[in-house]
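Participant: Structure for this input, please:
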Amino acid sequence: MRKIFFSILCFGTLLSCSDGDLEIETIDFDSVTLDFCTEPISDAKNLLFKINDSEALILELQSGVLNNGIVGEAVVTESNVPNNSQVTYRIFSGNLTDGYFCDDVPPAQPTVIDEIEAQGGTVIIETIVDPNDATSFLHTISLSGISFVTDSGERITNIAISEFGEVTTVIPD
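Facilitator: Model prediction:
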(Lines give C-alpha, C1' and ligand atoms only; values in the text may rest on other atoms or scores of the structure.)
Protein backbone atom coordinates (compact mmCIF):
# COMPACT_ATOMS: atom_id res chain seq x y z
CA MET A 1 0.00 0.00 0.00
CA ARG A 2 2.86 2.38 0.83
CA LYS A 3 4.45 1.68 -2.55
CA ILE A 4 1.21 2.58 -4.33
CA PHE A 5 0.85 5.77 -2.29
CA PHE A 6 4.50 6.70 -2.93
CA SER A 7 4.07 6.03 -6.67
CA ILE A 8 0.95 8.19 -6.84
CA LEU A 9 2.72 10.96 -4.90
CA CYS A 10 5.74 10.89 -7.26
CA PHE A 11 3.52 10.82 -10.35
CA GLY A 12 1.46 13.73 -9.02
CA THR A 13 4.62 15.72 -8.34
CA LEU A 14 5.79 15.17 -11.91
CA LEU A 15 2.45 16.38 -13.27
CA SER A 16 2.51 19.51 -11.13
CA CYS A 17 5.92 20.68 -12.33
CA SER A 18 6.10 23.89 -14.29
CA ASP A 19 5.66 23.51 -18.03
CA GLY A 20 8.32 26.16 -18.61
CA ASP A 21 5.88 29.04 -19.06
CA LEU A 22 7.19 32.38 -17.94
CA GLU A 23 5.66 33.37 -14.62
CA ILE A 24 5.26 37.07 -13.89
CA GLU A 25 4.69 37.83 -10.25
CA THR A 26 4.97 41.61 -10.07
CA ILE A 27 5.00 44.64 -12.30
CA ASP A 28 6.66 47.62 -10.63
CA PHE A 29 7.47 50.75 -12.63
CA ASP A 30 6.79 53.44 -9.99
CA SER A 31 10.48 54.38 -9.67
CA VAL A 32 11.09 54.39 -13.44
CA THR A 33 11.06 57.63 -15.45
CA LEU A 34 8.42 58.16 -18.12
CA ASP A 35 9.84 58.48 -21.65
CA PHE A 36 8.56 59.19 -25.17
CA CYS A 37 9.99 59.61 -28.66
CA THR A 38 8.19 62.76 -29.76
CA GLU A 39 6.80 65.52 -27.57
CA PRO A 40 3.21 64.66 -26.65
CA ILE A 41 0.53 66.71 -28.38
CA SER A 42 -3.08 67.21 -27.41
CA ASP A 43 -4.83 66.30 -30.67
CA ALA A 44 -3.12 62.99 -31.59
CA LYS A 45 -2.37 59.55 -30.23
CA ASN A 46 0.65 59.56 -27.93
CA LEU A 47 3.03 56.70 -27.20
CA LEU A 48 4.57 56.85 -23.73
CA PHE A 49 6.72 54.18 -22.13
CA LYS A 50 8.79 53.18 -19.13
CA ILE A 51 11.83 50.93 -19.44
CA ASN A 52 13.06 48.89 -16.48
CA ASP A 53 16.13 46.94 -17.72
CA SER A 54 14.55 44.13 -19.77
CA GLU A 55 10.92 45.12 -19.16
CA ALA A 56 8.76 47.85 -20.67
CA LEU A 57 5.40 49.31 -19.74
CA ILE A 58 3.85 50.97 -22.78
CA LEU A 59 0.91 53.38 -22.76
CA GLU A 60 -0.77 54.37 -25.98
CA LEU A 61 -3.10 57.27 -25.25
CA GLN A 62 -6.12 57.81 -27.44
CA SER A 63 -6.17 60.92 -29.60
CA GLY A 64 -7.32 64.05 -27.78
CA VAL A 65 -7.13 62.67 -24.25
CA LEU A 66 -4.33 65.13 -23.40
CA ASN A 67 -6.72 68.04 -23.56
CA ASN A 68 -5.70 71.64 -23.06
CA GLY A 69 -7.70 72.08 -19.88
CA ILE A 70 -9.06 75.31 -18.49
CA VAL A 71 -6.84 78.11 -17.27
CA GLY A 72 -7.20 78.40 -13.48
CA GLU A 73 -8.70 74.93 -12.99
CA ALA A 74 -7.51 71.36 -12.80
CA VAL A 75 -9.33 69.20 -15.34
CA VAL A 76 -9.55 65.42 -14.94
CA THR A 77 -9.96 63.27 -18.04
CA GLU A 78 -10.39 59.50 -18.11
CA SER A 79 -9.71 56.98 -20.85
CA ASN A 80 -10.89 53.38 -20.63
CA VAL A 81 -8.49 50.48 -21.22
CA PRO A 82 -8.51 48.69 -23.66
CA ASN A 83 -11.37 50.40 -25.52
CA ASN A 84 -9.76 53.83 -25.88
CA SER A 85 -6.18 53.68 -24.61
CA GLN A 86 -3.93 50.64 -24.33
CA VAL A 87 -1.46 49.53 -21.65
CA THR A 88 1.02 46.81 -22.63
CA TYR A 89 3.65 45.03 -20.57
CA ARG A 90 6.59 43.43 -22.39
CA ILE A 91 9.51 41.31 -21.26
CA PHE A 92 12.58 41.30 -23.51
CA SER A 93 15.52 38.92 -24.00
CA GLY A 94 17.91 41.60 -22.68
CA ASN A 95 18.14 45.19 -21.54
CA LEU A 96 16.72 47.76 -23.91
CA THR A 97 16.96 51.48 -24.59
CA ASP A 98 14.47 54.01 -25.91
CA GLY A 99 15.90 53.30 -29.38
CA TYR A 100 13.71 50.20 -29.42
CA PHE A 101 10.65 52.47 -29.58
CA CYS A 102 12.14 55.57 -31.22
CA ASP A 103 14.43 54.39 -34.02
CA ASP A 104 12.96 54.32 -37.55
CA VAL A 105 14.09 50.70 -37.79
CA PRO A 106 13.86 49.02 -34.37
CA PRO A 107 16.96 47.07 -33.33
CA ALA A 108 16.90 43.30 -33.90
CA GLN A 109 17.96 42.69 -30.29
CA PRO A 110 16.60 42.41 -27.70
CA THR A 111 13.55 40.45 -28.76
CA VAL A 112 10.15 40.28 -27.08
CA ILE A 113 9.84 37.19 -24.88
CA ASP A 114 6.36 37.91 -23.56
CA GLU A 115 3.71 40.58 -24.17
CA ILE A 116 0.56 41.10 -22.14
CA GLU A 117 -2.06 43.72 -22.97
CA ALA A 118 -4.21 45.11 -20.17
CA GLN A 119 -7.75 43.76 -20.25
CA GLY A 120 -9.31 46.54 -18.21
CA GLY A 121 -8.75 49.66 -16.16
CA THR A 122 -8.64 53.40 -16.52
CA VAL A 123 -6.06 56.00 -17.47
CA ILE A 124 -6.65 59.16 -15.42
CA ILE A 125 -5.11 62.44 -16.55
CA GLU A 126 -5.16 65.56 -14.38
CA THR A 127 -4.37 68.67 -16.43
CA ILE A 128 -3.31 72.08 -15.11
CA VAL A 129 -1.60 75.12 -16.60
CA ASP A 130 2.12 74.59 -16.02
CA PRO A 131 2.97 76.82 -13.01
CA ASN A 132 6.42 77.51 -14.52
CA ASP A 133 5.22 78.27 -18.07
CA ALA A 134 1.78 79.77 -18.75
CA THR A 135 2.02 78.69 -22.41
CA SER A 136 1.82 74.97 -21.65
CA PHE A 137 -0.22 72.40 -19.75
CA LEU A 138 1.10 69.82 -17.29
CA HIS A 139 -0.61 66.41 -17.44
CA THR A 140 -0.24 64.01 -14.51
CA ILE A 141 -1.03 60.48 -15.68
CA SER A 142 -2.23 57.75 -13.32
CA LEU A 143 -3.38 54.19 -13.97
CA SER A 144 -6.26 52.73 -11.99
CA GLY A 145 -7.57 49.19 -11.87
CA ILE A 146 -5.28 48.01 -14.65
CA SER A 147 -5.84 44.29 -15.08
CA PHE A 148 -3.28 42.10 -16.84
CA VAL A 149 -4.27 38.53 -17.65
CA THR A 150 -1.71 36.11 -19.11
CA ASP A 151 -2.44 33.68 -21.96
CA SER A 152 -2.96 30.96 -19.37
CA GLY A 153 -5.63 33.02 -17.59
CA GLU A 154 -3.48 34.02 -14.60
CA ARG A 155 -3.84 37.52 -13.19
CA ILE A 156 -0.65 39.36 -12.37
CA THR A 157 -0.51 40.35 -8.71
CA ASN A 158 1.23 43.19 -6.86
CA ILE A 159 0.77 45.61 -9.74
CA ALA A 160 2.45 48.83 -8.59
CA ILE A 161 1.85 51.18 -11.53
CA SER A 162 -0.61 53.75 -10.18
CA GLU A 163 1.60 56.79 -10.89
CA PHE A 164 2.64 56.65 -14.53
CA GLY A 165 4.23 60.09 -14.86
CA GLU A 166 3.91 63.64 -16.14
CA VAL A 167 4.04 65.15 -19.63
CA THR A 168 3.72 68.68 -20.91
CA THR A 169 1.87 69.92 -23.98
CA VAL A 170 2.16 73.38 -25.48
CA ILE A 171 -0.85 75.63 -25.89
CA PRO A 172 -1.43 75.97 -29.65
CA ASP A 173 -0.92 79.41 -31.16
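
Participant: Only C-alpha atoms from now on, for both contacts and neighbour counts.
Facilitator: Noted.

Participant: in the sheet, who's paired with residue 118?
Facilitator: On the basis of DSSP bridges, residue 118 is bridged to residue 148.

Participant: repeat for residue 167
Facilitator: With DSSP bridges as the rule, residue 167 is bridged to residue 139.

Participant: where does it land on pLDDT?
Facilitator: Looking at residue 167, its pLDDT reads 95.

Participant: cool, and residue 23?
Facilitator: On the pLDDT scale, residue 23 gets 56.

Participant: Look at the residue nearest the centre of the chain and tell me its secondary structure.
Facilitator: Most central in the chain under Cα atoms, centre = their mean is residue 57, positioned 3.3 Å from the mean C-alpha point. Under DSSP: H, G, I helix; E, B strand; the rest coil, residue 57 falls in the strand class.

Participant: Make 883 the starting number, not 1.
Facilitator: I'll keep to 883 as the first residue from here, and by that count the last item is residue 939.

Participant: Spatially nearest residue to it, not counting backbone neighbours?
Facilitator: residue 971 (4.7 Å; Cα to Cα, 6 or more residues apart in numbering).

Participant: in which helix or strand would I find the one you found?
Facilitator: strand 968-974 (DSSP states H and E).

Participant: Can you name the next helix or strand after that strand?
Facilitator: helix 981-984.

Participant: next one: that following helix to chain centre, how far?
Facilitator: 16 Å (Cα atoms, centre = their mean, to the nearest Å).

Participant: cool, stretch 935-943 as well?
Facilitator: Between the centre of stretch 935-943 and the centre of its chain there are 5 Å (Cα atoms, centre = their mean).

Participant: who's in contact with residue 1026?
Facilitator: With contact taken as Cα atoms under 8 Å, 6 or more residues apart in numbering, residue 1026 is in contact with 1003-1006, 1044.

Participant: buried subset of the residues you listed?
Facilitator: Listed as buried from the contacts of residue 1026 are 1003-1006, 1044; burial here means 16 or more other Cα atoms under 10 Å.

Participant: Having no further points to raise, I will conclude here.
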